[in-house]
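Engineer: Kindly return the folded structure for what I paste below:
(2 chains)
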Amino acid sequence: MDTHEALYQQGVARMEQLRQLQPRHSESLKDKMLQNGISRRDFMKWSASVTAMLALPLPFSTLVAEAAELANRVPLIWLHMAECTGCSESLIRTDTPNLDSLIFDHVSLEYHETLMAAAGWQAEENLEHALEAYKGNYLLAVEGAVPTANNGAYLTVGCKGHTGLHIVKEAAEGAAAIISVGTCAAFGGVQAAAPNPTGAKGVYEVVNKPVINLGGCPPSEKNIVGTLMYFIMFGKLPALDMFNRPKWAYGARVHDNCERRGRFDAGEFVEEFGDQGAKDGYCLYKVGCKGPYTYNNCPTERFNHHTSWPVLAGHGCMGCSEPNFWDDMADFEKPLGRQLLHGLDATTDTIGAVILGATAVGIGAHAVASVFAKSEEE
Amino acid sequence: MSKRVVIDPITRIEGHLRVEVEVDENNVIQKAWSSSTLWRGIEVILKGRTPMDVGLIVQRICGVCTYSHYRCGTEAVENALGVKIPLNAKYLRSLMQTSLNMHDHIVHFYHLHGLDWVDVVSALSADPALAAQVALKYTDNPISAGEGDLRAVQERVKGLVETGKLGPFANAYWGNSTYRFTPEQNLIALSHYLKALEVQRIAAEMLAIFGGKSPHPQSIVVGGVTSVRDMLSPARLQEWKQKHAIVNDFIIRAYKADVVMAAEAFGSEPSVLGGVNVKNFLATDDFILGDGQFMFNQGVIMNGDLAGVSDLNPELIKEDVTHAWYKADGAQHPYDGTTVPDYTGFVERDTVYGKLPTVDGDGKYSWVKSPRYQGEPVEVGPLACLLVSYARGNQVVVDAVNGLLAATGLPIEALFTTLGRTAARMLQTVIVAEEGLKTFDALLTNLQSDESTYTKPEIDSNKEYVGHAMIEAPRGMLSHWIRIKGGKVENYQAVVPTTWNAGPVDGQGNMGPYEASLIGLKLEDPTKPLEVIRIIHSFDPCMACAVHVMDYKGTNLGEFKIDPNGF
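Structural biologist: Residues are numbered from 1 along each chain as shown, chains lettered A, B, ... in the order given. Purely as a prediction, here's the structure:
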């Protein structure tokens, strides 16, 4: 059995498992969608696009569709730690038509401070109830870093004055899976940048369980929803990279799929914001683009219903899905040059060198030729 | 016998906020405390970094008003370095600000504040046919409020309720008698709650057109704007205008109509007729309409005196930390502000929910400082913005305010209420949306002779620079203050709208707007304090914005006295 077949079988088994859980709605998804003006055909199109986004073969789209129909049985608890709420804002911008209503109807959102109607004592009751009633079955999403200095006293939540650290540890105990949404929850984020005054840490550093890290400040709505869908479909974590990010989203460098890559290869660079090169869409490496050091699907998926992404808007990638990027990749408007990051990418080192004119080693022959051709023209 | 009520978390806001009140035997609030329970230290982190990165870092103060700090921080650096940016860059920044304002206020009214006005459970008993008739009372052309739309919404929510598991609607204060909408009005508003989810997404796309993405756009730099290709693309410009039309349509046909409906239904509800007890207001010039022209005007109103508006003087702003978890010798101007944390934790006492850790009102009790103007507490926000422009005789604002008062039959005093604050936010959105097209047209005109978007900043590492910027963020006047030395950030301060509004009592014993707004409010049931939530939400709290910490020396972690879990 090949890998895809094995994965498919696992998906089928998972669907069976989900069907055993108590349904939340008596009404079928089909009726619900019709009420909301979504045809079966639209729904299957949506399933196919999610399938493509997850880098799965098309036959999996029936599984995606089925998973969406069964998703109402998966309780979701979403915690806020030291954060700016940007990841929740990203979530609510989910872009496929009416996808947000699908999510609200079919994931049982048990606790989410930005969206829930209950407040105060009653909100805390909801959390306590969900942790108990769905023990072992709920998905835990965490937004924000966990302050750990002074026993976590920099963040307290709820009438009982528990620290964020206490709450995350407790919620992690009974979670079926834990998703760190955004660079703060994944790696500590901006509050963990030097000198990290609050001892902010990523969730994986304070719990004893595997955690999926969705890097990005914030991650795109597709990376958040796609990851939830993967878990619902297969009941397990997706294939992860060395920083526990899902490979389907973070498997390729921003640089490799960049719409300005041709300009890079041709040696055409923006020298200064607003110059002729900027008007013509030249490569942003020299004004600080960190695309060569950054793993994410921004160039292919973009943000906000495919509207744009920073490189399209003329600003270099700032590397926001990478650990410690606030320290490792600053200054954000200057090229990194010869720095090595995480020992991951020796070629970027030489690429930087080529561009800065030091040496021509390590770049594709055609690119080198273009760079020279360019200088001869000038 | 007084009773203590603890409300934590205040949900449907940005960040972590705790409010405590003390009620007398008639359940009338006698004392109130507003406390932020998270400290992140972003300004500590800014120290020693390049001023060119400031905008990107301070943007992470907030993912809701995601663009405000980005622009304000960048403009503070421009002010310090004396950089004059091209007119096109000013227009593009203003178009992004317009997009943000439209997005932010729609999400606030429907998804954050809305459930304080709308009883979801009551909507289930509405007659959709009657509701469709009711909707016509507030606009000739209602959106998502035809009989079929309303029936579908009702069926959908019914399905949720019948399972007994309400998800995000669970365990709220449904049935409280201070909900005043009829079942039909509740159903109309609930339908708009769902429709607004779709519309806010389009508003976010507007911001992303010139911003690269939303939240956390990435297209402005010290010296200008980077999205020059989008600016020069007729298709892109048209895309913005088209999305603007869709969002504007919703603002007029739903948001405006729903606020008029709320004014009618809640016009006699005691809990919304108070809520403005600090009658000092501050606002700044913002939303560029043309070269040197602004949509809203700067100014200061003291003691509710609309006839006595004066010019805003940045020198008169100081921050007090008597009851905030910091140490300082007296109030400080932001250029010279220090912050040495001095966390003292909670005190255990009896509450309506039993024994709980509570704030120490006599000591320090919040991570938010208390900004003061000339020593006085001040409210900022859409209400302040409109009152100042109204007092200045800004014709667009005067017409909008008088128009609303005429439509609702309310006197001008009604502005100084929770309802007035909510209505002012709606009116500001209407004005920003309609007038924002003038900015768009000014950009098109300027593009005929000028394509520049960037002025290269010069920085001399032997010089010391000081600068600040003030803008009108969705939650009110925002200011950032920077000192640059040796080419690096030497000191940084943000004096934020929610800091003005949510700060604790100052050294003179003066309460800030949040705390003052609650005094005298009667609660139907102190264990279910809906009225408190409604008033606090009318300010649109943003706590991550409000808490800011700057002094590197302040990172001493050895001063903490009480572990909140160590009782």
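
Engineer: burial measure for the residue in the stretch 301-450 of chain B that chain A sits nearest to, as a count.
Structural biologist: Closest residue of the stretch 301-450 of chain B to chain A, C-beta to the nearest C-beta: B:Pro357 (3.8 Å). Placement of C-beta: from N, CA and C, glycine included. For B:Pro357, the count of nearby residues is 25 (other C-beta atoms under 10 Å in any protein chain shown).

Engineer: For it, report the pLDDT, please.
Structural biologist: The model reports B:Pro357 with a pLDDT of 97.

Engineer: chain center to stretch A:210-222, what's the gap?
Structural biologist: For stretch A:210-222, the gap between its own C-alpha mean and the chain's C-alpha mean amounts to 3 Å (C-alpha atoms, centre = their mean, to the nearest Å).

Engineer: From B:Ser271, how far out is the closest residue to B:Leu112 other than its chain neighbours?
Structural biologist: Sequence neighbours aside, B:Arg12 is the residue nearest to B:Leu112 in space, at 4.3 Å (criterion: C-beta to C-beta, 6 or more residues apart in numbering or on different chains). Using C-beta to C-beta, to the nearest Å, we find B:Arg12 at a distance of 17 Å from B:Ser271.

Engineer: Could you check which of the two has the larger neighbour count?
Structural biologist: More neighbours surround B:Arg12 than the other of B:Arg12 and B:Ser271, with 27 against 21 (other C-beta under 10 Å).

Engineer: which residues touch that one?
Structural biologist: B:Arg12 makes contacts with A:Glu113, A:Thr114, A:Leu115, A:Met116, A:Ala117, A:Ala119, B:His111, B:Leu112, B:His113, B:Leu115, B:His537, as judged by C-beta atoms under 8 Å, 6 or more residues apart in numbering or on different chains.

Engineer: B:Pro314 touches B:Ser479, doesn't it?
Structural biologist: Yes - at 7.4 Å, B:Pro314 and B:Ser479 qualify as touching, with contact defined as C-beta atoms under 8 Å.

Engineer: Now the common contact residues for those two.
Structural biologist: By C-beta under 8 Å, 6+ apart, the residues touching both B:Pro314 and B:Ser479 are B:His468, B:Met470.

Engineer: Specify the local secondary structure of the closest residue to B:Asp336 other than its chain neighbours.
Structural biologist: Using C-beta to C-beta, 6+ apart and skipping the chain neighbours, the partner closest in space to B:Asp336 is B:Asn491 (7.9 Å). Counting by DSSP: H, G, I helix; E, B strand; the rest coil, the backbone at B:Asn491 sits in strand.

Engineer: again with B:Pro526
Structural biologist: When classified by three-state DSSP, B:Pro526 comes out as coil.

Engineer: Check it and give its pLDDT.
Structural biologist: 97.

Engineer: my read: it touches B:Thr351, true?
Structural biologist: No - counting by C-beta under 8 Å, B:Thr351 is not a contact partner of B:Pro526; they are 9.4 Å apart.

Engineer: Just the CA trace of whatever helix or strand B:Ala257 lives in, in PDB.
Structural biologist: Secondary structure assignment for B:Ala257, by DSSP states H and E: helix B:257-266. Provided in PDB are the C-alpha atoms of helix B:257-266 (Å, rounded to 0.1, in the frame of the first residue of the first chain):
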ATOM      1  CA  ALA B 257     -30.400  51.700  11.000                       C
ATOM      2  CA  ASP B 258     -29.700  49.400  13.900                       C
ATOM      3  CA  VAL B 259     -28.300  52.200  16.100                       C
ATOM      4  CA  VAL B 260     -31.400  54.200  15.400                       C
ATOM      5  CA  MET B 261     -33.400  51.100  16.400                       C
ATOM      6  CA  ALA B 262     -31.400  50.800  19.600                       C
ATOM      7  CA  ALA B 263     -31.800  54.500  20.400                       C
ATOM      8  CA  GLU B 264     -35.600  54.000  20.200                       C
ATOM      9  CA  ALA B 265     -35.700  50.700  22.200                       C
ATOM     10  CA  PHE B 266     -33.100  51.600  24.800                       C
END
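
Engineer: That helix - contacts with which helices or strands?
Structural biologist: helix B:183-211, helix B:395-408, helix B:418-447 (3 or more C-beta pairs under 8 Å, 6 or more residues apart in numbering or on different chains; DSSP states H and E).

Engineer: Tell me which of those helices sits most buried.
Structural biologist: Using mean count of other C-beta atoms under 10 Å in any protein chain shown, the stretch among these with the largest mean neighbour count is helix B:183-211, at a mean of 26.

Engineer: Against B:Met543, how distant is B:Pro9?
Structural biologist: B:Pro9 sits 10 Å away from B:Met543, going by C-beta to C-beta.

Engineer: Find residues that contact each of these two.
Structural biologist: By C-beta under 8 Å, 6+ apart, the residues touching both B:Pro9 and B:Met543 are B:His16, B:Leu17.

Engineer: tell me the average confidence for stretch B:3-23?
Structural biologist: Per-residue pLDDT over stretch B:3-23 has a mean of 97.

Engineer: chain center to that stretch: distance?
Structural biologist: Remark: stretch B:3-23 is offset 18 Å from the chain centroid, using C-alpha atoms, centre = their mean.

Engineer: again with stretch A:247-262
Structural biologist: The answer for stretch A:247-262 is 14 Å, by C-alpha atoms, centre = their mean.

Engineer: Could you see whether chain B lies near the helix or strand A:Ile77 falls within?
Structural biologist: Assigned by DSSP H and E, A:Ile77 belongs to strand A:74-80. Yes - using C-beta under 8 Å from any C-beta of the partner chain, strand A:74-80 reaches chain B at A:His80.
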